[in-house]
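Asker: coords please:
(chains A, B and C)
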Amino acid sequence: MSDTEAHSVAYVRDTMMPQQPAPAGETGAIRWLRENLFSGWLNTVLTLLGIFAIYLFVSHFYGWFLHGVWEANSIKECRQIIAERWGPDASGACWAVIRERWHQFIFGFYPPELYWRPILAFALLFVAIGPLMFQFVPKKVAWFTPIYPFLAVWLLWGGSVWGPVLVLTGFVLGGVVFMAVARFGSIMAFSVGAIVTILYFLFAVGPLISLFHAMIPVGLESVASSKFGGFLLAITLGVGGIAMSLPAGVVLALGRQSDMLLIKTFSVIFIEFIRGVPLITLLFVASLLLNYFLPPGTNFDIILRVMILVTMFAAAYIAEVIRGGLAALPRGQYEAADALGLDYWKAQRLIILPQALKISIPGIVSTFIGMFKDTTLVVFVGLFDPLKGIPDFIRADFNWKGIYWEPFVFVGAIFFILNFAMSRYSMHLENRLQREHR
Amino acid sequence: MKKSVFFGALTVASLAAGVAGAATLDDVKARGELICGVNTGLVGFAAPDANGNWSGFDVAICKAVAAAVLGDPSKVKYVPTSGQTRFTALGSGEVDLLARNTTWTFSRDTDLKLQFTATNYYDGQGFMVRKDSGVTSAKELDGASVCIQTGTTTELNLADYFKANNMSYQPITVDSNAEGEQQFLAGACDAYTTDASGLAATRAAFANPSDYVILPEIISKEPLAPAVRQGDDQWTDIVRWTIYGLIAAEEYGITSANIDELAKGTDNPEINRMLGTEGNLGAMVGLDKDWLVNAIKAGGNYGEIFAATIGEQTPIGLARGLNAQWTQGGLMYAPPFR
Amino acid sequence: MTTAQDASGPTGFRLSQLIYDTRYRSITIQIVVLFLVMAGVGWLVDNVIRNLNDLGKDFNYSFLWQRSGYDIGNALIPYNNDMTHGRAMLVGLINTLWVSFLGCITATFLGVIIGVLRLSKNWLVGRLMTIYVEVFRNIPVLLWILVAIALLTEAAPSPNQYRVNAQTGEAGASMVLESVAFTNRYTAIPSIHFDRTLGSLDTALAPISLDFLAIVIVLLGSYFVNKMLVNRANRVQEATGVRPPTLWKSLAIWLIPVVVLLFALGVNPEEPQLKGFNFTGGTNVSNAFVALWAGLSLYTAAFIAEIVRAGILAVSKGQTEAAFALGLRPSRTMRLVILPQALRVIIPPLISQFLNLTKNSSLAIAVGYLDLRGTLGGITLNQTGRELEAITLMMLIYLVISLLISGGMNIFNNRVKLKER
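Answerer: Model (predicted):
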């Protein structure tokens, strides 16, 4: 600015105005309220509606929660206590049913003195998935992951220790054979490995288990599947289904991406068929039809049958998740693998799959959340799920006839806590992966 | 009949339940456990307590059979089955015996390939209504909403009954007895229909049983009988004659209290034959000599079982009625043990 | 794997080429897989045949033509217990489609509102919607359906309470607007009655009311006339830059013919009357249906809300700013700029939510609403004992429904997809 201009005007302020405090409506709480809650007529209406909704909710349920009774032995006693304490018209929750039966919601009919086994299995689950999911777990722990499924089965169902050990041995055997034949090419090695494993399972494993068990009878008290119920059942089915469906899911995803028309067609048919029908119909297949498809005379436990169908169901969904992971991998990775002269299986095993699976983890977690919620449907084939099976069973008791809301609230809360935690964690994982890929 | 060794491997991994063969008796003995299909929870007939121990009228039959076959009434595994899954569970060999208040009908006996052993409870379908509705006869139910369990014969009987009487109704389908109770108590249906015994059991469990009445009409015959698979005559005989044994025991006054005494020998040759002190009836069905002694010891004779689970002294409060001995004007009539 | 083309040469073909030569290897693998799959399928079929033999059963669908003998509480097409199992199956199928269709509409409607509100600047509403989404999608849908039915049966009055008490002259409950009654078994709503009805056309499936047909035809006519009007207005606008007013003409075209027709038919609502145990006269919408519908809608809405939110967030902020710079108002910005782009992201996951909702409708079993699973896969299966036939047919039908939905929605998706040039 030139001086001339300054002289040519009559008055120029040469000192700064003292700072004024912001108008009352533009500061602190009032400003926040105005900007966030009442910035226009629409927002105001929404805010009022929101407050009204909260009011309705709280006024309806506050009393019920507040008047909750924990110490009672039957619903009649509950009602008496509530009537005595809060007047004859008061409504109140009868949490006593949860206090008395919580163990059935969690463990079903699992023998109480053996509760440590499912708890231990559940705790070890975190060790097993730790190397994949949590950064702070040292990667060295990863050797535990492949052993875990066998350990968990043994802990949950009990029986001779040799069963899981020798089944595991079968897979190790297959792996060893695969390594030994690997120099003749991947396909050869894979086929031979698979055949040896299958032969082992067909002919060797049964007698071996009997033999070893006769020599060194080590085992846990066995627990029949019919004792499983509640969240123990839901988690077993969910985790088991996802874990067993992973290999099948990978194969299906690769099949669907394959250049070979026939393999692609079969994969697509399987995936779309499973995804096209409701889980409940598959469960009915498990309970009513599976016996038709197996050789006459074979008969399984209903939990195992459900597990098989749940695994197939999960495999189709996991396949789609992994297909997403494969598609998200930059083209350059495939080209780089080709440039190194790796064959298809080596490329998949060493380069593509490790990366694709890593990207897919959040998707797998959400599939697991979905599966976990869907395990409640097993009630319709006569298993004791925590949402309907166990409460119905508790209501069959004279003392707890007519108790509906408390089990809903309790079971709903547990589902919410578990699923919310998992979904938040999967979001966190997603963010971390995005950061790593930048 | 170990068809597949691979599945055998899974068995050893203690997941599979076992392999059902043609001879159920051998399977049960080898397993050391009777697998009994029961209701998912009907107080008085089959319901688990807080610790998962089952008890009830149907359960008592399972226990008696287990005692007869294995000598130990506790060696039973109970598989809860729904109206939907019960026949498949039996047909596929998942259960050895279906003791789940199942009505003996022609088509089930023939088309579904079941073998009904012996009627252990003569039942009939009835209606329950609220007392304040003022209904006193099922004929007054025109236009009513009726709660009905799906997968049962009651569904068809209901349709037939309303049709025969030229009345209309709105069926409200429920999946289990627990759900039917909830709907009925909440007033979602004017009447609840199922077997009269089930109605009594349900009503007994209400907070105010006197507010509800069971209508006098019985609209169907429902002979409830434990069922087994067709084609295994020996097993059918075992279950059938165990039930008859319980019934005959009541007739001859054999109770769990005096059985040890009577088993030493009595003047009555029929009792002697039953309890194995004369001849060896057990061997004819492939069992021990004292099979019926064990069966009766398990829960007493038919009358004792009835009184302990669903009789007038229990909350369910069923009168013997048709289920009294033939000597008392009922239909319970065991063929001679000879 | 190295390609062995040179080694093989023109002279001979060695068997090992089937594995080591990339030209043949894929064929080898495919043939092996084909054999394995065929062997597997053959094994399954063989087992089924042997099992059926052992049980003395056969495999045929003739039961579909036998008398069903059971009643269905909420049939949308005429049905009684003298009709066949096949007809019962059809009733169930239509119930499945009906609840899925309505569920998809309400879930989308709710989902869009919740998704948009979740992005709102309003702090309270944003939080409430977040809570809604998290609570509903982390708890099994079965619980929501059970809660809905429990609420409906426990909270609503029984039809009896609508009766005027002779002594007090008061009723325990009163109808909304004298025409809608919420009860603990159904909601009684008025049905539409035509005084001068045209009758109905009897088809094998269901009678088609000619009155409704006439209304639909008139509405279609109005649609085409209106479209012509709008097209002409567009042409005039393009030619002269001035758009002739169309609003009043459009309204007239839409309303007048229909109103005239309805008047001619003498339309009036038939209100439900309490007779005996229940309301008659109007239409009774069963609580089982409402509970299933509400449970499915509320649950799926939470997922759709997330999809909508993600879709809107996926449109870059520059687009909004550019639209504002062009002087578009926020509502138009949303309608003309943001939504068309967001739809691209929204539609594919939305399709899978619709599929999920349709599949979840099979949870009707929990509330006793007789859908396809309840009729064919439930009562029919039980009464006839034909589980193999019933369940395979049921799965096939569900599969066809799923494929039709995803096929239809994919066509729609292709139409709204951004045309990249």
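
Asker: Please parse the chain into its domains.
Answerer: This is for chain A. Split into domains by automatic domain parsing, chain A comes to A:24-98, A:104-110+A:224-437, A:160-220.

Asker: My question was about chain C, not that one.
Answerer: C:5-54, C:191-270.

Asker: Could I get those domains in JSON lines, plus columns for mean neighbour count and mean pLDDT?
Answerer: From N, CA and C alone the C-beta is placed, and that goes for glycine too. Converted to JSON lines, those look like this (neighbours: other Cβ atoms under 10 Å in any protein chain shown; pLDDT from 0 to 100):
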{"stretch": "domain C:5-54", "mean neighbour count": "13", "mean pLDDT": "77"}
{"stretch": "domain C:191-270", "mean neighbour count": "13", "mean pLDDT": "84"}
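
Asker: Output those as TSV; include the columns distance to chain A.
Answerer: Formatted as TSV, these follow (distance: least, Cβ to the nearest Cβ, whole Å):
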stretch	distance to chain A
domain C:5-54	4
domain C:191-270	24
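
Asker: quick one: which of the ones you listed is nearest B:Val95?
Answerer: Checking the domains of chain C against B:Val95 by Cβ to Cβ gives domain C:5-54 as the closest, at 17.1 Å.

Asker: Starting from the helix or strand C:Thr187 falls within, tell me the next helix or strand along the chain.
Answerer: In the assignment (DSSP states H and E), C:Thr187 maps to strand C:186-189. As assigned by DSSP H and E, the chain's next helix or strand after strand C:186-189 is strand C:191-194.

Asker: mind listing what that next one pairs with, with the direction of each?
Answerer: Strand C:191-194 has its sheet partners listed here by DSSP bridges as strand C:267-270 (antiparallel).

Asker: Can you give me the buried ones in the next helix or strand after the partner strand?
Answerer: Counting by DSSP H and E, the next helix or strand C-terminal to strand C:267-270 is strand C:273-275. Judged by neighbour count using 16 or more other Cβ atoms under 10 Å in any protein chain shown, the buried positions of strand C:273-275 are C:Leu274.

Asker: Look up the closest residue to the residue in the stretch 201-350 of chain C that chain A sits nearest to, ignoring the ones flanking it.
Answerer: Taking Cβ to the nearest Cβ, chain A has its nearest neighbour within the stretch 201-350 of chain C at C:Tyr299, 9.7 Å off. Excluding the flanking residues, the one nearest C:Tyr299 by Cβ to Cβ, 6 or more residues apart in numbering or on different chains is C:Val141, at 4.3 Å.

Asker: okay but that neighbour is in contact with C:Leu363, surely?
Answerer: Yes: C:Val141 lies in contact with C:Leu363 (Cβ atoms under 8 Å); the separation is 6.7 Å.

Asker: Can you check which residues contact both of these two?
Answerer: The contact sets of C:Val141 and C:Leu363 overlap at C:295-296 (Cβ atoms under 8 Å, 6 or more residues apart in numbering or on different chains).

Asker: For B:Ala50, the count of nearby residues, please.
Answerer: When neighbours are counted by other Cβ atoms under 10 Å in any protein chain shown, B:Ala50 registers 14.

Asker: show me the contacts for it.
Answerer: Residues in contact with B:Ala50 (Cβ under 8 Å, 6+ apart) are A:100-101, A:104, A:397.

Asker: Also A:Leu46?
Answerer: Contacts of A:Leu46 (Cβ under 8 Å, 6+ apart): C:117, C:120, C:122, C:124-125.

Asker: Equivalent analysis for A:Ala72, please.
Answerer: Per Cβ under 8 Å, 6+ apart, neighbours of A:Ala72: A:78, A:81, A:94, A:96.

Asker: what's the neighbour count on the first one?
Answerer: What it means is A:Cys78. Counted with other Cβ under 10 Å, residues neighbouring A:Cys78 total 26.

Asker: From what I see, B:Val285 and B:Trp235 are in contact.
Answerer: No: taking contacts as Cβ under 8 Å, B:Val285 lies outside contact range of B:Trp235: 9.0 Å.

Asker: from memory the residue of the stretch 201-350 of chain C closest to chain A sits against C:Trp144, does it?
Answerer: Yes: using Cβ under 8 Å, C:Tyr299 is in contact with C:Trp144, at 5.2 Å.

Asker: Spit out the residues that contact these two alike.
Answerer: Counting by Cβ under 8 Å, 6+ apart, the shared contacts of C:Tyr299 and C:Trp144 are C:Phe136.

Asker: Format the contacts of A:Leu46 as a markdown table; extra columns: distance to chain B.
Answerer: As requested, the contacts of A:Leu46 are exported to a markdown table (distance: Cβ to the nearest Cβ, whole Å):
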| residue | distance to chain B |
| --- | --- |
| C:Leu117 | 34 |
| C:Ser120 | 39 |
| C:Asn122 | 38 |
| C:Leu124 | 35 |
| C:Val125 | 35 |
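
Asker: Let's see if you can find the most crowded of these.
Answerer: C:Asn122 (24 neighbours).

Asker: which SSE is B:Gly245 in?
Answerer: Going by DSSP H and E, B:Gly245 is in helix B:233-251.

Asker: For the following helix or strand past that helix, give me every contacting residue.
Answerer: Sequence-wise, the next helix or strand downstream of helix B:233-251 (DSSP H and E) is helix B:259-262. Residues outside helix B:259-262 that contact it (Cβ under 8 Å, 6+ apart): B:254, B:271, B:275, B:293, B:296-297.

Asker: Buried residues in helix B:259-262, which are they?
Answerer: Quick answer for helix B:259-262 (16+ other Cβ under 10 Å): B:259, B:262.
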